[in-house]
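> build me a model from this:
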Amino acid sequence: MPPKAEGAKRGDILVWPPEELSKIRRGPNPSRSNLGTDLRLSELATSIARKGQLQPGVVRRDSQGLAVVVAGNRRLDAIQLINENPSAWMDDEGKPLAGPLPFKASLVVCNDEEAIELNLIENLQRLDLNAVDKAHTARELGKLGWSHERIGGVMGCSASRISGLISLLMLPARTLRLVADGKLTEAGARSLRGLPEEDVLALSAEIAAGAKPAAVLGKARERKRDGGKAQPLSLAEVRTALAAHPSNQAEALLRWINGAPGATLDDARLDDFPAPVRRAAGASS
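Model prediction:
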């Protein structure tokens, strides 16, 4: 803990001088998706250099009395980045910082599980948290026994909105990265659900390559509309289906398809042979 903090009580704002920052332990941060989707650390450091640390972190004491970050790992990292070379950062007046910065944090008393819960709640209320990180956070709170209604209460939204957020996590990581990077809206990503994964990946790759999301999502809607329509099997699929139903009729059909000398359709009683199941539109051939 910082100097003169021995008598600190829950809720007190403690201040660590620059030389004491290395003594603060990092706590877990389960709300982040690890997709590289957060604001870059340098951007946060620029903001803190100009405006100061506007929002204190949250810390607790461990069994040895040392400070452990419950919420604010990134703020601490940004301040330490600034302190490596303070004069390289500009204040709000455009002047180089005069010196290293301290770190401010509010003291809480909690156990390990409560610390994770506090971290999740604090992150859920952040304005810069993207939809993917919110979805991860909501899912983690659900693992702690929170209902969607309770999570929605913290976020200021409905339980159905929480369900929709969590449903995003069923999409491939490539698609989630597009959402996190702002290249695909949350609603657009949800519209991809229900398509085969290979289609979702292919459409996501188009967006990542620079295609307009509206045009790509139009393709997704078309594939969904055609999803219930039967499509003709390719020749390779016909061969596979016939081979999977061995019979005299199947063998005769295969001979005819493969162009065997003298093979005719008269050799196969087509009405006795069950037609292979046709694949849905959009399925891989």
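> buried stuff in stretch 196-207?
Asp199, Val200, Leu201, Leu203, Ser204, Ile207 (16 or more other CB atoms under 10 Å). (Each C-beta comes from the backbone N, C-alpha and C, glycine too.)
> need the contact partners of that stretch.
Stretch 196-207 has contacts (CB atoms under 8 Å, 6 or more residues apart in numbering) with 171-172, 174-175, 178, 183-184, 192, 195, 213, 216-217, 219-220, 223, 282-284.
> take these and keep only those in strands.
Secondary structure defined by DSSP state E assigns none of those to strands.
> and the residue nearest to Gln53 when sequence neighbours are not counted, how far from Asp226?
Distances taken as CB to CB, 6 or more residues apart in numbering place Lys104 nearest to Gln53, at 5.5 Å, with adjacent residues excluded. For Lys104, the distance to Asp226 equals 57 Å [CB to CB, to the nearest Å].
> circling back: could you pull up phi and psi at the residue nearest to Gln53?
phi -110, psi 140 (degrees, to the nearest 10).
> that older thread, out of the buried residues of stretch 196-207, flag the one nearest to Arg161.
Nearest to Arg161 among the buried residues of stretch 196-207, counting by CB to CB, is Val200 at 22.1 Å.
> what secondary structure does that closest one sit in?
helix (DSSP: H, G, I helix; E, B strand; the rest coil).
> state the pLDDT value of it.
Predicted confidence (pLDDT) for Val200: 92.
> same check, this time on Ala211
Ala211 is given a pLDDT of 93.
> what about it, distance to Ala205?
Distance from Ala211 to Ala205, by CB to CB: 9 Å.
> got it, and Asn130?
Look at Asn130 and Ala205: by CB to CB, they are 20 Å apart.
> got it, and Lys143?
32 Å.
> in stretch 80-91, what's buried?
Gln80, Leu81, Ile82, Asn83, Pro86, Trp89.
> how about the nearest residue to the first one once chain neighbours are set aside, what does it touch?
Just to be clear, that refers to Gln80. Using CB to CB, 6+ apart and skipping the chain neighbours, the partner closest in space to Gln80 is Leu21 (5.8 Å). Taking CB under 8 Å, 6+ apart, we find Leu21 in contact with Leu76, Ile79, Gln80, Asn83, Phe103.
> list phi and psi for Leu21.
phi -60, psi -30.
> what pLDDT is listed against Glu43?
Looking at Glu43, the pLDDT reads 86.
> for the closest residue to Ala189 other than its chain neighbours, grab the count of nearby residues.
Using CB to CB, 6+ apart and skipping the chain neighbours, the partner closest in space to Ala189 is Val179 (4.9 Å). Residues contacting Val179 under the criterion other CB atoms under 10 Å number 26.
> any idea how far Val179 lies from Ala208?
Taken as CB to CB, the span from Val179 to Ala208 is 12 Å.
> how deep is Arg61 tucked in, by neighbour count?
Residues near Arg61, counting by other CB under 10 Å: 16.
> got the contact list for it?
Applying CB under 8 Å, 6+ apart, the residues contacting Arg61 are Met1, Ala67, Val68, Leu107, Val109.
> okay, and which of those residues map to helices?
Among the contacts of Arg61, no member falls in helices (criterion: DSSP state H).
> closest to Gly11 among those?
Relative to Gly11, the closest of the contacts of Arg61 is Leu107; by CB to CB it sits at 6.8 Å.
> if we can go back for a sec, name the residue in Lys104 and Asp226 with the higher neighbour count.
Legend: neighbour count by other CB under 10 Å for Lys104 and Asp226, higher for Lys104 (20 against 12).
> is the more buried one bridged to anything, and to what?
Beta-bridge partners for Lys104, by DSSP bridges, are Val15.
> tell me where the stretch 101-250 of the chain has helices.
For the stretch 101-250 of the chain, the helices defined by DSSP state H, counting those that start in this stretch cover 112-124, 131-143, 148-155, 159-167, 173-180, 186-191, 197-208, 213-225, 235-243, 248-257.
> quick one: mean pLDDT over the fifth one.
So that's helix 173-180. pLDDT averaged over helix 173-180 gives 92.
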